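Peer 1: The amino acid sequence is not available; the structure is as follows:
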C-alpha cells in the first residue's frame, strides 16, 4: 500500500484536485457537466506542467482503473425490473437509434477516413449514453487518452446543442404539452449524455408545468439505453481479440476477450434489482451512483492531462462531422419511430 501511494499518490491527488471544482460547477450547470469541464481543465493544467515524471503513474491509474471502477458502480443505478417494465415501450426505438448511429459511424469512418477507435467511441457514445458509454468502451478497444478526449468533446458539443434546441423542436412538431411521454422518449433516445437528458427533459417539464413527468420518462428510457453497453462492448471485445489473433478461430479465447469490469457492472445491476425486490429503497444506492459519476470526472481530468490540446483542435473537424451525422441520424430515427408507433 505504501509503495502504491508512493508511485501513484501525486498523480491521483492532482486528478482529485482538478475534479473537485469541476464536479461542483458541473453539478450546478448540468447541461455542460463535470466530465467535459474536467477534461478541459486537465488539458489547461497540462500546458503548465514542466516535470511530470512523478505524476504519470497516478494519472494513468486514474484514467484506466478508476474509469473502469466508475463503470462498475454505474450498475448500482440500474433496477432491471423498472427498466423492463417501463422501458418496453421505448425498446424498439432504442434498438433502431443505436443501430442507426453505429451504421452511420461506420459509414463516416470509411468515407472521411476517421480513425477507427474515435469513430467507434463517437458512435457508441452518441447511441448509448455519452460519457459513460465512452468510459466503458475505451478500454475494450484500447483507445488512448487523446482519442477518448476527442470523442468526449464531440459528444459534449451535440449535448449542448440538444439541450438548447430540443424543446423548440418538440413544440414545433406538436408534442403533447399535457403529457411528458412523447418528449421524454425523444429526449431519452436522442440526447447523448445522462446529464443533458436530465437538463433537456426538465426544461420541458418547466415550460409546461408537468412536474417531473417528462424527466421520469426520459431517465427510464436512458437507463434502458445504458444496458446496451453490455452487448455492444462484448461484441467489440470479441472482434478485437479475433483481429489481434489474425482471425484464427481455434485460438479464440472468450475469457481473454470479455471485459471483466462489465461482468461486475452486471453483478452490480443484479444486486440493485434483488435489493429493490426485497424492499430496499432506491435512495440506498444513491451514494454509489454519485461516486460513479465523480470517478468519471476524475478519470476525465487524467485524460485531459494526457491530451495534446493543439493536436486535438487540429484534428477535430472530421470527428465533429461524424458526430453530427450520428446525431442527425438518431434524431430522425427517433422521430420516425415514435410517429409510426403512434406516440405522437
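Peer 2: Thanks, I have the structure now. Every value quoted in this text rests on a predicted model; they were computed, and no experiment measured them.
Peer 1: Could you measure from residue 218 over to residue 269?
Peer 2: 20 Å (CB to CB, to the nearest Å). For every residue, glycine as well, the C-beta is placed using N, CA and C.
Peer 1: So between the two, which is more surrounded?
Peer 2: The residue with more neighbours, out of residue 218 and residue 269, is residue 218; 30 against 22, by other CB atoms under 10 Å.
Peer 1: hang on, the more buried one packs against residue 198?
Peer 2: Yes: at 7.5 Å, residue 218 counts as touching residue 198 under the criterion of CB atoms under 8 Å.
Peer 1: Helices along the stretch 51-200 of the chain, start to end?
Peer 2: 56-61, 67-74, 80-86, 91-112, 116-127, 131-141, 145-172, 181-190, 194-208 (DSSP state H, counting those that start in this stretch).
Peer 1: what's the burial count for residue 197?
Peer 2: Other residues within reach of residue 197, judged by other CB under 10 Å, total 29.
Peer 1: quick one: contacts for it?
Peer 2: By CB atoms under 8 Å, 6 or more residues apart in numbering, residue 197 lies in contact with 187-188, 191, 218-219, 222.
Peer 1: and if we set it to 10 Å?
Peer 2: 30, 129-130, 159, 162-163, 166, 184, 187-191, 215, 218-219, 221-222, 225 (CB atoms under 10 Å, 6 or more residues apart in numbering).
Peer 1: Ok, residue 276 next?
Peer 2: Shown in contact with residue 276 (CB under 10 Å, 6+ apart): 78-82, 282, 284-285.
Peer 1: ok so, going back, shared neighbours, residue 218 and residue 198?
Peer 2: Both residue 218 and residue 198 are in contact with 187, 191, where contact means CB under 10 Å, 6+ apart.
Peer 1: for the stretch 201-344 of the chain, what spans make up the helices?
Peer 2: Here the stretch 201-344 of the chain has its helices, by DSSP H, counting those that start in this stretch, at 213-226, 229-244, 254-257, 260-277, 286-305, 309-314, 317-340.
Peer 1: For the last one, which helices and strands make contact with it?
Peer 2: Meaning helix 317-340. For helix 317-340, the elements it packs on are helix 91-112, helix 116-127, helix 145-172, helix 181-190, judged by 3 or more CB pairs under 10 Å, 6 or more residues apart in numbering; DSSP states H and E.
Peer 1: Direction-wise, compare the first one with helix 181-190 and give the angle.
Peer 2: Going back to what we said before, that points to helix 91-112. On the basis of axes from the mean of the first three to the mean of the last three CA atoms, to 10 degrees, helix 91-112 is oriented at 40 degrees to helix 181-190.
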